[in-house]
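*Asks:* Below: sequence and its predicted model.
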Amino acid sequence: MARAQGQEGGGERFSFCMNAKPLRIAATADLHYAKTSKGHYKTLFQEASHEADVLLLCGDLTDYGLPEEAHLLVHDIRADVTIPVLAVLGNHDFESGHVEEVSRIIEESGVKLLEGECAEIEGVGFAGVCGFGGGFGRYMLNSWGEPLIKSFVHEAVEHAMRLERALGRLDTPQRIALLHYSPLRETVEGEPPEIFPFMGSTRLEGPLNRFNVAAAFHGHAHNGHAEGKTSANVPVFNVSLPVLKRTQPDAPWFRLFEVAREPEEALTHT
Ligand SMILES: [Fe+2]
Ligand SMILES: [Fe+2]
């Protein structure tokens with residue numbers, strides 16, 4: 001697969017050859033690699049490599065966050081993916097307390113984990129963070145009461161701030177956001193309402209609006225809705241694998257999205 005290099009802080013960025021054609025993005029999420037998953041996503045990986053310029057994996061890369069699962073994932077990526085891969089972690093990747101080792105295994109394969117970091121591919125900027133829960137709109141959990149509630153809210157705020165900083169370090173005309181948790185209620189519709197607060201947080205929406213992101217992709221809401229828009233009309237796509245299988249049964253297990261190198265308004269005026 002094509003490798004890329006980068007580092008937190010925005011000093012060095014991924015950079016591949018520039019051209020005027022739109023960048024083709026293949027986005028998916030919730031692969032939940034388990035000990036039995038070897039080879040299971042061969043078609044997905046091969047078709048994404050054929051149809052897109054970059055593959056986004058929006059969290060829950062592994063099922064239990066085990067190093068063995070991460071090794072199987074990177075084995076399959078190495079075997080069948082020939083385009084750059086950007087990823088964020090999901091809650092399942094934390095489950096067994098080995099998230100540092102899982103992250104190291106994934107990054108050593110050439111996949112770039114965007115945990116509050118940014119990357120640039122062929123002139124398009126990408127920023128990613130796992131995100132966190134807390135709920136949506138006027139019913140969003142606020143920092144009030146018990147210390148545990150305040151810690152929960154602090155975690156959600158921290159993820160939103162990391163997303164904001166990562167987006168701010170990009171100086172590309174177009175920005176794309178990768179999340180695991182949803183920034184919108186709209187794309188978790190279909191899940192039981194009782195668990196909406198654990199599916200995402202409106203706190204993630206503000207950075208997407210302020211930086212006029214071209215599109216945001218997330219997973220986590222396996223039974224959610226495929227598409228939504230932020231209050232500033234930023235398109236948001238739930239690319240959780242079960243959602244893709246349900247909404248595009250005859251298509252590959254990723255969502256294809258083309259992004260122009262420049263925003264349309266900019267192209268119109270030049
Ligand atoms: Fe998941
Ligand atoms: Fe998840």
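*Replies:* Structure received. Ligands and ions are numbered 1, 2, ... in the order given.

*Asks:* Okay, now the unreliable bits of the stretch 1-150 of the chain?
*Replies:* Where the stretch 1-150 of the chain drops to pLDDT under 70, the residues are 1-19.

*Asks:* For it, what lies in contact range of ligand 2?
*Replies:* Within the stretch 1-150 of the chain, the positions near ligand 2 by Cβ under 5 Å from the ion are Asp60, Gly90, Asn91. C-beta: built from backbone N, CA, C; applies to glycine.

*Asks:* Report how many residues lie close to the last one.
*Replies:* Asn91 is surrounded by 17 other residues when neighbours are defined as other Cβ atoms under 10 Å.

*Asks:* State whether it and Asp60 are indeed in contact, as I suppose.
*Replies:* Yes: with contact defined as Cβ atoms under 8 Å, Asn91 reaches Asp60; the gap is 7.0 Å.

*Asks:* which residues are in contact with both of the two?
*Replies:* When Cβ atoms under 8 Å, 6 or more residues apart in numbering defines a contact, the residues bordering Asn91 and Asp60 alike are His180, His220.

*Asks:* one step back: among the residues of the stretch 1-150 of the chain next to ligand 2, which lie within helices?
*Replies:* Using DSSP state H, no member of those falls in helices.

*Asks:* Of those residues, which is the nearest to ligand 1?
*Replies:* Asp60 (3.5 Å; Cβ to the ion).

*Asks:* can you pull the contacts of that closest one?
*Replies:* Applying Cβ under 8 Å, 6+ apart, we find Asp60 in contact with Ala29, Asp30, Leu31, His32, Gly90, Asn91, His92, Asp93, His180, Gly219, His220.

*Asks:* ok, 10 Å please
*Replies:* Shown in contact with Asp60 (Cβ atoms under 10 Å, 6 or more residues apart in numbering): 29-33, 88-93, 95, 130, 180, 219-220, 222, 240-241.
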